[in-house]
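*Asks:* 3D model of this:
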Amino acid sequence: MRKFRIRALFLLMILLLTLAPAAYVSAETTEEDELLAQRVADAQDDIAMRRAGHYGMVPVYGRDIADGTYDITVDSSSPYFRIVRATLTVKDGEMTARFTIGSMSYRYVYPGTKKEAEKADESLWIPFEEEDHQTTFTFPVPALNAELDCAAYSKGRRRWYSRTLVFDASSLPKEAIAFDLPDYELIEDAVKAYKVVGSDELRKQREEAAKALKPVDLEFEDGEYSIEVNMTGGSGRASISSPTLLIIREGKAYARLIWSSVYYDYMILDGAYFYNQTEDGGLSTFEIPITAIDEPIQIIADTTAMGDPVEIHYTLTFYAESVGSKGQIPQESAKMVLIIAAVIIIGGGAADWLIKRKRGS
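*Replies:* Below you'll find the predicted structure:
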């Protein structure tokens, strides 16, 4: 009887904890649950993304490379799409690459973004070839040392994800290229050093100007919430996570904005500068005051995604009626999923230990 009770309690605990994520949002499984799960997965994928290649790279085209087949190094923006080996074939100025990733997680690739892949005819999707339990694709390469869009279709999640690939020309034999390549690592180190020297005082002045801005008053207790934000402007390739984190301090409203890119280094609002708070190479993150609610706010964001820094104009609109709990933010939902998973694992282990102990006695 005691063994039965222990087993019953164990199964009940697992059942309750398994249903906890669904109960957290709704009592029933709905389309909103599925969308939330997708947003969590996308947020986790975006967080892992980084810039491929080196600063200031100049494209190298097939016309500048001798015909032949070469081993080549490929840099990927995603650790989930790591290229373990690749060969480049050049013929009459045209280039194709045959590359292998170290898993069987992807069924197709497409030379473009995930949105372009979703709209493209299936006949244009590039299928995988299996080699030693790894996945190989043959991919068109318009240029080396250039960021190339590569959408990848996940078997498990049944959806497209955007990746960026850079085929490194410096990994080819020197005699294969018609000219000498710059030392991009040396250039990148020099740029980083230049940004540091003499910039501290200017940065302090700009941060003081930021403190002079007046955030709007919102009638909420001090704390953290979520708020919907709509962004327009730019090319449309970059976006800001919405809902985003709303912070109320002494009745004043601030927003923590997470971009879909790692390349943004500062934002300008009413002449005040705000700098990227992410220091580990993750998605660019900024905290700015919300100076208007339900009205457009003009901002400028500087990006290095295209090599040289470029300031791009955007418009942000925050919506007062959308203010909700912090748990509605995708990144916070991802944390909740991890916490629940940890509880299940620990609880299951404890129950199993109790069962074994009872058996032993």
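*Asks:* can we go C-alpha only for contacts and neighbour counts from here?
*Replies:* Will do.
*Asks:* how does the chain divide into domains?
*Replies:* The chain is divided into the following domains under automatic domain parsing: 2-48+330-360, 62-181, 189-328.
*Asks:* now mean pLDDT too, for those domains, in CSV please.
*Replies:* Shown next, in CSV, are the domains of the chain (pLDDT from 0 to 100):
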stretch, mean pLDDT
domain 2-48+330-360, 50
domain 62-181, 92
domain 189-328, 85
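*Asks:* tabulate these in JSON lines, adding columns for mean neighbour count.
*Replies:* As requested, these are exported to JSON lines (neighbours: other CA atoms under 10 Å):
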{"stretch": "domain 2-48+330-360", "mean neighbour count": "14"}
{"stretch": "domain 62-181", "mean neighbour count": "18"}
{"stretch": "domain 189-328", "mean neighbour count": "16"}
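*Asks:* how about the helices in the stretch 201-350 of the chain?
*Replies:* With helices called from DSSP state H, counting those that start in this stretch, the stretch 201-350 of the chain shows them at 330-360.
*Asks:* can you pull out the strands in it?
*Replies:* 223-227, 229-233, 244-249, 252-258, 264-269, 272-275, 285-289, 296-303, 310-318 (DSSP state E, counting those that start in this stretch).
*Asks:* the spatially closest residue to Glu287 that is not a sequence neighbour and Ile247, how far apart?
*Replies:* Closest residue in space to Glu287, ignoring its immediate chain neighbours: Arg256 at 4.3 Å, by CA to CA, 6 or more residues apart in numbering. Distance of Arg256 to Ile247, computed by CA to CA, to the nearest Å: 8 Å.
*Asks:* Asn145 too?
*Replies:* Noted for Asn145: a distance of 41 Å to Ile247, by CA to CA.
*Asks:* what's the answer for Thr164, then?
*Replies:* Relative to Ile247, and taking CA to CA, Thr164 is found at 33 Å.
*Asks:* now Asp222
*Replies:* 7 Å.
*Asks:* likewise Leu148?
*Replies:* Leu148 sits 37 Å away from Ile247, going by CA to CA.
*Asks:* what's the answer for Val141, then?
*Replies:* Note on Val141: its distance to Ile247, by CA to CA, is 45 Å.
*Asks:* one more: Ala120?
*Replies:* 41 Å.
*Asks:* again with Leu172
*Replies:* Going from Leu172 to Ile247 by CA to CA gives 51 Å.
*Asks:* just Lys155 next, same as before
*Replies:* Distance from Lys155 to Ile247, counting by CA to CA: 38 Å.
*Asks:* same check on Ser162?
*Replies:* From Ser162 to Ile247 the distance is 31 Å (CA to CA).
*Asks:* same thing with Val60?
*Replies:* Counting by CA to CA - Val60 and Ile247 are separated by 47 Å.
*Asks:* and if you look at Glu129?
*Replies:* Distance from Glu129 to Ile247, by CA to CA: 49 Å.
*Asks:* do the same with Asp67
*Replies:* Relative to Ile247, and taking CA to CA, Asp67 is found at 58 Å.
*Asks:* ok, Gln328 next?
*Replies:* From Gln328 to Ile247 the distance is 14 Å (CA to CA).
*Asks:* and what of Glu130?
*Replies:* Counting by CA to CA, the gap from Glu130 to Ile247 is 49 Å.
*Asks:* leaving out the residues flanking it, which one is nearest to Glu295?
*Replies:* Thr317 (5.7 Å).
*Asks:* who does that neighbour form a beta bridge with?
*Replies:* Asn230, Pro296 (DSSP bridges).
*Asks:* that one: what's it in contact with?
*Replies:* By CA atoms under 8 Å, 6 or more residues apart in numbering, the contact set of Thr317 is Val229, Asn230, Met231, Ile293, Asp294, Glu295, Pro296, Ile297.
*Asks:* now the residues you listed as CSV including distance to Asp270?
*Replies:* Shown next, in CSV, are the contacts of Thr317 (distance: CA to CA, whole Å):
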residue, distance to Asp270
Val229, 18
Asn230, 19
Met231, 17
Ile293, 15
Asp294, 17
Glu295, 15
Pro296, 13
Ile297, 9
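*Asks:* farthest pair in these?
*Replies:* Largest separation among the contacts of Thr317 by CA to CA: Met231 and Ile293, giving 13.5 Å.
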